[in-house]
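# Sequence first, predicted coordinates after that:
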Protein chains: 4
Amino acid sequence: MAMTGVLRPGHAQLRVLDLGEACKFYGDVLGLVETGRDAKGRVYYKAWDERDHSSVILREADRAGIDFFGFKVDSKATLDKLDRDLRDYGLTTERIPAGDLLETGERVRFQLPSGHLIELYAEKTDVGNGLPEINPGPWSAQSEHGIAPVRMDHVLLYGPNIAENKRIFTEVLGFYLVERVLMPEGTPGEAAIWLSCSIKSHDIAFVEHGEPGKLHHLSFYLDSWEKTLRAGDIMSMNNVSVDIGPTRHGITRGTTIYAWDPSGNRFETFSGGYHPYPDWKPKTWTFENLGQGLDFPQRRLHDTFLTVVT
Amino acid sequence: MAMTGVLRPGHAQLRVLDLGEACKFYGDVLGLVETGRDAKGRVYYKAWDERDHSSVILREADRAGIDFFGFKVDSKATLDKLDRDLRDYGLTTERIPAGDLLETGERVRFQLPSGHLIELYAEKTDVGNGLPEINPGPWSAQSEHGIAPVRMDHVLLYGPNIAENKRIFTEVLGFYLVERVLMPEGTPGEAAIWLSCSIKSHDIAFVEHGEPGKLHHLSFYLDSWEKTLRAGDIMSMNNVSVDIGPTRHGITRGTTIYAWDPSGNRFETFSGGYHPYPDWKPKTWTFENLGQGLDFPQRRLHDTFLTVVT
Amino acid sequence: MAMTGVLRPGHAQLRVLDLGEACKFYGDVLGLVETGRDAKGRVYYKAWDERDHSSVILREADRAGIDFFGFKVDSKATLDKLDRDLRDYGLTTERIPAGDLLETGERVRFQLPSGHLIELYAEKTDVGNGLPEINPGPWSAQSEHGIAPVRMDHVLLYGPNIAENKRIFTEVLGFYLVERVLMPEGTPGEAAIWLSCSIKSHDIAFVEHGEPGKLHHLSFYLDSWEKTLRAGDIMSMNNVSVDIGPTRHGITRGTTIYAWDPSGNRFETFSGGYHPYPDWKPKTWTFENLGQGLDFPQRRLHDTFLTVVT
Amino acid sequence: MAMTGVLRPGHAQLRVLDLGEACKFYGDVLGLVETGRDAKGRVYYKAWDERDHSSVILREADRAGIDFFGFKVDSKATLDKLDRDLRDYGLTTERIPAGDLLETGERVRFQLPSGHLIELYAEKTDVGNGLPEINPGPWSAQSEHGIAPVRMDHVLLYGPNIAENKRIFTEVLGFYLVERVLMPEGTPGEAAIWLSCSIKSHDIAFVEHGEPGKLHHLSFYLDSWEKTLRAGDIMSMNNVSVDIGPTRHGITRGTTIYAWDPSGNRFETFSGGYHPYPDWKPKTWTFENLGQGLDFPQRRLHDTFLTVVT
């Protein structure tokens, strides 16, 4: 009851071209906390205010992009139920044993029609947020080391058949549609969808795109517009390549900077956004107004938004 | 799955001593939107960004306080199920027919051990937030009329037996404990509890108190610390009596002003706060540190916090 | 002693292509307060928190741009002295009688080597800021009508011979250099200069440019980064064409949005910036780093910055 | 011309009861930068964005308070002229040789009728703000070490005969009156005055008080309301005793926290405030409205404001 089933985005495994350079970026510029390295050479990070062991896992590879994106579910029973539900729906699922990712239980993995690998899991070790459980202050020194988002927030993925993705997320996994962009006038269907399993303005989003399995951006949450300004300052001080922002999205009302990690994976520092509920009507954007949806003050559909992905 | 069962705080019916004066306050100072008046003389309001017809209902009476506090549930089926669950738990429930409150479906009402009347309902007319459903801007003129919170956020209630309240909310209604204050050293049990049915830092909270059925404050959400400053300015410009703040709560990390409506009902303008999940460990405050929990910068347990209720 | 001589930017007369459209923009979108219209058809505005009668004067004309920019000096004696000093320096000055501009005393006008007309004056009627002089609140309804800057802040002008402009402002008018951009490596001299007669990060600025008498932007001050976001929202809601931002300038550290009025005159909503003093060393930017000086997060020298003027 | 004569508050020498404890507070909690220690055992600090060598000097003593407060003037010639002017006015001045304070030139010292020692000086070594002079970023790591104000901003002093102080500051030193509080109705004169030598809402302020030479608070500037919240958090985390705030002053419109250093000297973190000019009419507060002037949201004249000084 209330918050059940799929709880939240839990982890993303990103491919980076140079692990050393990536660690410097994710650890000192983005300001995530390194929590481990595994036998395969992967490096684990969490945002400072996350409790679970890790939310970003870096793997060195020849090309950038995302290996998989995982959601935490509320229990082992839910994991089993959703595995069955996904198979009943017609998808193939795979079980990855506990321990394959550090401090993480068994995972159920399946591939979306858009080509992305999605995972569900019920267990990840609570390592705390660095504050005491008794009489905690509101933040710690970690929350000012680098950009220091409070959490990994959501992902925007590009690929084909997002209408099918939507059915899986809404009919099987319990998400609901918060906002959507229609195809250009004359073409039926949706060009983009924002989906939530909570009252966040989105936990995952998709844009219809010819090539499967693509990452548009992995997003990290900041708790104010002033911290968005600070994030932009830190990006500049560290020669991070910025794509768009700081600005406000019309879609979700959130404030944002889009930028690229050293491997070319886009990331976002996101803040604000309203809190929707599943009984609310979704908001609709016409494709012709996508510029305003993307960059509200400038009403500009920046070229890179629809073309640059990893 | 995901967001199910009890969705959110939906409505609160407040008793006010002078309806005209109260309407001036709730409409022009707090800046809620009046949405109707019923045959019993009650006046209905919603916060500008709420979609449902009403969240605050004012009733003129001889003494201030709260008549009842209602939660919206996700469906009629849930309403029926929770009604059964509450009765199975041993509580008496009452059905109030649709239409008793304007634009509101059938309600299930029960009394908490703390003496408060709580309601559940599945239906309330969606009247929109004044922005178009297609290509909406982020806000409208209504969001700058008075303090103009985005939503009614939560309530803090005072009464006896909050341990029993906690069992009902967590075991029957699907809430989880986010934070708690222990009784003074040497006394077992909890002096206060913060409960969530979402990822808000609290949807309802209780403080153990001798007298039943008391209201500590009804809270309204602002979307920034700067809007908290603006709210304080507007309170002063309108001779609103302020209790505490602007300041930060240690508990929930939210920022706050406590003040009183013209009838002496305390209200809060609340902003920020972190986003918990049901799998997180609750945070615990010792009674001796409640001052820091209430007013983090000043570490002060203001006298009025434990004594002034309606 | 202390604040003497030239006090502050006082007024700018802008040419607009369609007065009706311009008035709608300056009055309702930018949110200035209309304070008068004169026999020549000019419309006068002030920012809400300014005390003097007017700071922006609109004149309908065939092409956009700035007619003149005026500074208020501390007394009639200073006006006479600076008139003599300018003539002693070798400039020609003109006296424009009191009343030529509404509620404005005699003006001393001269032309800069860059082709711009600059004026000095000692008298302009104090019409107040709409708040009482006794026990005033911090703001009023006017401060939320449109973008509602607190003041006209500064101007950036483009033209030739800015080195000569600098001598006049620093040696005759008592300004000091706060920041400067060097010419591209290999070329001597300064490409841009920021000058202050106070502790504002700039009261006037110049960019070296082939064509004389050009306006880059007229700037209006907002008192927070959050109000900059609000300004961008209002621009979008009103289809204002935005050039750059919201972002932070490296130069002055201020936050900014550049946009165009309906006639194509660029304006800025500016906030923040540090407070320099005349005994501080100026900061220097290399031309190669001008991108960072203009748009710190993006480190981007937007094309329009050096090319679009009126 | 423009900014001449007295430029700004330059240094304050404070008496502290335990130098080690004080250094921990001023260095790590308030986050000033230690710049030297002299043969007399005094410890020198500057705020991170100040250029001159030092603005706060700590001296260990048996009782807390302020030894003297110094203003920087624009030149040696001004120093000599103001020395003559003060003597012509009837005050006794004293010359303190260069080097008595580290990296500081000759000082002219005199005593105010209120009992305070005020100093003027023209020279203090520019040690920079830790950022490069060429292509500087907007801030550095120092600006996040502790509360980290950008500058020592002003002082509020308590003592008798502030009407005489006002004459000296306005008639001899070139300051102007920005705001004032009248004596309680029925008593002539001013209870408090705010004076500026720039466009800061105040560079020094006085409250009429029976005992001479008292310090109400030394103020430090933060550049946003959000940093005021952060300052309050840091105070609480370090068990700093907070007096008032965070809140907004009606007087000056600034936002504030008043708190005490470990020796009982009150300090302020101040932000915002409007920018007055010498040709503006002063604002007047009635004594009966001083509560609103002090704490605008609460409209409360906190007891400590008029009674606790060092």
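Received it, and whenever you're ready, just let me know what you need.
# hey, where'd the strands end up in the stretch 51-200 of chain A?
Ranges of strands within the stretch 51-200 of chain A are A:56-60, A:65-73, A:93-96, A:107-111, A:117-121, A:151-159, A:176-182, A:190-196, based on DSSP state E, counting those that start in this stretch.
# Now render those strands as a markdown table, adding mean pLDDT, mean neighbour count and distance to chain B.
Using the backbone N, CA and C atoms, a C-beta is placed for each residue, glycine as well. Formatted as a markdown table, the strands of the stretch 51-200 of chain A follow (pLDDT from 0 to 100; neighbours: other Cβ atoms under 10 Å in any protein chain shown; distance: least, Cβ to the nearest Cβ, whole Å):
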| stretch | mean pLDDT | mean neighbour count | distance to chain B |
| --- | --- | --- | --- |
| strand A:56-60 | 98 | 21 | 18 |
| strand A:65-73 | 98 | 22 | 7 |
| strand A:93-96 | 98 | 15 | 16 |
| strand A:107-111 | 98 | 20 | 14 |
| strand A:117-121 | 98 | 22 | 11 |
| strand A:151-159 | 98 | 25 | 8 |
| strand A:176-182 | 98 | 22 | 7 |
| strand A:190-196 | 98 | 23 | 8 |
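# Which of those sits closest to A:Asp261?
Closest of the strands of the stretch 51-200 of chain A to A:Asp261 is strand A:56-60, at 9.4 Å (criterion: Cβ to Cβ).
# Any idea how far the closest one is from the middle of the chain?
How far strand A:56-60 lies from its chain's middle: 14 Å, per Cα atoms, centre = their mean, to the nearest Å.
# For stretch A:160-173, give the mean pLDDT please.
On average, the pLDDT along stretch A:160-173 is 98.
# so what's whatever residue of the stretch 51-200 of chain A ends up closest to chain B up against?
Scanning the stretch 51-200 of chain A for proximity to chain B using Cβ to the nearest Cβ identifies A:Gly174 as nearest, at 2.6 Å. Taking Cβ atoms under 8 Å, 6 or more residues apart in numbering or on different chains, we find A:Gly174 in contact with A:Thr4, A:Gly5, A:Val6, A:Cys197, B:Met1, B:Ala2, B:Met3, B:Thr4.
# Those residues into TSV, with extra columns for secondary structure?
Shown next, in TSV, are these (DSSP: H, G, I helix; E, B strand; the rest coil):
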residue	secondary structure
A:Thr4	strand
A:Gly5	coil
A:Val6	strand
A:Cys197	coil
B:Met1	coil
B:Ala2	strand
B:Met3	strand
B:Thr4	strand
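# among the strands of the stretch 51-200 of chain A, which is nearest A:Pro278?
strand A:176-182 (4.2 Å).
# partners of the helix or strand bottoming out on mean pLDDT in chain A, with directions?
Taking mean pLDDT, DSSP states H and E as the measure, the helix or strand of chain A with the lowest value is strand A:2-4, at a mean of 86. Strand pairing for strand A:2-4, determined by DSSP bridges: strand B:2-4 (antiparallel).
# List the buried residues in the strand it pairs with.
Neighbour-count burial for strand B:2-4, with 16 or more other Cβ atoms under 10 Å in any protein chain shown as criterion, is recorded at B:Ala2, B:Met3, B:Thr4.
# Relative to chain D, which of the strands of the stretch 51-200 of chain A is closest?
Chain D lies closest, by Cβ to the nearest Cβ, to one member of the strands of the stretch 51-200 of chain A: strand A:151-159, at 19.4 Å.
# Could you check the angle the closest one makes with strand A:117-121?
Computed by axes from the mean of the first three to the mean of the last three Cα atoms, to 10 degrees, the angle separating strand A:151-159 from strand A:117-121 equals 150 degrees.
# what's strand A:151-159 in contact with?
Contacts of strand A:151-159 (Cβ under 8 Å, 6+ apart): A:9, A:11-12, A:47, A:49-50, A:55-56, A:66, A:69, A:112-116, A:165, A:200, A:202-209, A:211-221, A:268, A:270, A:309, B:275.
# next one: stretch A:31-39
Contacts for stretch A:31-39 (Cβ under 8 Å, 6+ apart): A:23, A:26-27, A:43-48, A:53-56, A:101-103, A:127, A:130, A:142, A:145-149.
# Contacting chain C as well, which ones from the contacts of strand A:151-159?
Among the contacts of strand A:151-159, no residue sits close to chain C (Cβ under 8 Å from any Cβ of the partner chain).
# out of these, which are inside strands?
Residues of the contacts of strand A:151-159 located in strands (DSSP state E): A:9, A:11-12, A:56, A:66, A:69, A:204-208, A:214-221, A:268, A:270.
# Now stretch A:272-287: average pLDDT?
Rounded mean pLDDT across stretch A:272-287 is 97.
# In that stretch, which residues are buried?
So, applying 16+ other Cβ under 10 Å, buried residues of stretch A:272-287: A:272-280, A:283-287.
# Please apply the same query to stretch A:42-57.
A:42-57.
# Could you do stretch A:209-222 as well?
Quick answer for stretch A:209-222 (16+ other Cβ under 10 Å): A:His209, A:Pro212, A:Gly213, A:Lys214, A:Leu215, A:His216, A:His217, A:Leu218, A:Ser219, A:Phe220, A:Tyr221, A:Leu222.
# My read is that A:Ser236 contacts D:Gly137, right?
Yes: judged on Cβ atoms under 8 Å, A:Ser236 makes contact with D:Gly137 at a distance of 7.1 Å.
# now the least confident helix or strand of chain A, how far from the chain's geometric center?
Relative to its parent chain, strand A:2-4 has a centroid offset of 20 Å by Cα atoms, centre = their mean.
# which residues are contacting it?
Contacts for strand A:2-4 (Cβ under 8 Å, 6+ apart): A:74, A:78, A:174, A:198, B:1-6, B:173-176, B:196-199, B:277-278.
# at 10 Å what do you get?
Contact partners of strand A:2-4, identified using Cβ atoms under 10 Å, 6 or more residues apart in numbering or on different chains, comprise A:73-75, A:78, A:174, A:197-199, B:1-8, B:71, B:73-74, B:169-170, B:173-176, B:195-199, B:203, B:276-279.
# go on, stretch A:73-90?
By Cβ under 10 Å, 6+ apart, the residues outside stretch A:73-90 that reach it are A:3-8, A:10, A:71-72, A:91-95, A:105-110, A:118, A:120-123, A:167-168, A:171-174, A:197, B:1-2, B:277-279.
# change it to 6 Å
A:Thr4, A:Gly5, A:Val6, A:Leu7, A:Thr93, A:Val108, A:Phe110, A:Leu120, A:Ala122, A:Val172 (Cβ atoms under 6 Å, 6 or more residues apart in numbering or on different chains).
# Next: stretch A:5-17.
For stretch A:5-17, contacts defined as Cβ under 6 Å, 6+ apart pick out A:22, A:55-61, A:64-74, A:78, A:154, A:173-174, A:197, A:203, A:218, A:263, A:265, B:1-2, B:277.
# how close does the residue in the stretch 101-250 of chain A that chain C sits nearest to get to chain D?
Nearest residue of the stretch 101-250 of chain A to chain C, counting by Cβ to the nearest Cβ: A:Gly232, 3.1 Å away. Counting by Cβ to the nearest Cβ, to the nearest Å, the separation of A:Gly232 from chain D is 10 Å.
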